[in-house]
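[1] Kindly generate the corresponding structure for this input.
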Amino acid sequence: MKLLILDRDGVINFDSDAYIKSVEEWIPIPGSIEAIAQLSKAGWTVAVATNQSGIARGYYPLATLEAMHTRLRELVAEQGGELGLVVYCPHGPDERCACRKPKPGMLEAIAEYYQQDLAGVWFVGDSRGDLDAAVAVDAQPVLVKTGKGEQTLNKGVPAHTLIYPDLASVARALL
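    The predicted model follows:
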C-alpha cells in the first residue's frame, strides 16, 4: 500500500490562530484538494491526523468538526478522488493524552487501521509537532511552507526532513 499521512490545518486548509470554528472558516489552500484527488487516483491512500483542541476548549462541537471533514471528503470526491481515514485529537494540550501531536498516537492508529508499518511513510505537516510525531514512528517527516511551515523551518527541523512549498508540490514529487 502507498500511504501518505497529512496534517490538516496549514497543510490542506488555511490555519488560524483563532481556530477554524465552522465549515465556512474551513477554506482549502489552493491546489490541496486537487493534490489529494490526484494522489488517490494514482493509487495512494491519503489519511489525515489532526490536533483539534478547539473541541476541548469549547470553540466548536464535534458535529462541526465532522461537518468540516465531510466537506473535505466531498471536495476530494468532486475531483474524482477519495480521502482515507481521518483521525483527530480532541484533547487540550494539558490533558496528557497519547494522541496529541507531537505524541504519535494518531499515527499509530492509522498504522493499525491500515495494518501498515509507518517506517518511511511520508507524514506532511507544517509544525514541529507534526515532524516530531513522524520521527517517533520512523516515518519520513515532510514540511510544507504553508500554514506555520515557514516559522517552523526558521526554528529548525529534524534531520532528513523533506521541505516543499505546499501540498501540491508534495503530490508532484510523489507522482
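
[2] Over whatever helix or strand Val142 lives in, what's the mean pLDDT, rounded is fine.
    Here Val142 sits within strand 140-144, counting by DSSP states H and E. Mean per-residue pLDDT for strand 140-144: 98.

[3] For the very next helix or strand once past it, which residues meet the burial criterion?
    Following strand 140-144 in sequence order, the next helix or strand is helix 149-155 (DSSP H and E). Of the residues in helix 149-155, Gly149, Thr152, Leu153 count as buried by neighbour count, 16 or more other CB atoms under 10 Å. The way it works is simple: take the backbone N, C-alpha and C, and place the C-beta from them, glycine included.

[4] I'd like those residues as CSV, with distance to Met68 appended.
    Formatted as CSV, those follow (distance: CB to CB, whole Å):
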residue, distance to Met68
Gly149, 21
Thr152, 23
Leu153, 27
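
[5] What is the nearest of those residues to Asp132?
    Thr152 (10.7 Å; CB to CB).

[6] wait, isn't that closest one in contact with Pro141?
    No. Between Thr152 and Pro141 there is no contact under CB atoms under 8 Å: 10.5 Å.

[7] where do the contact lists of the two overlap?
    Taking CB atoms under 8 Å, 6 or more residues apart in numbering as the criterion, Thr152 and Pro141 both touch Leu131.

[8] who's in contact with Val46?
    Leu4, Ile5, Leu6, Ile36, Leu39, Ser40, Gly81, Leu83, Gly84.
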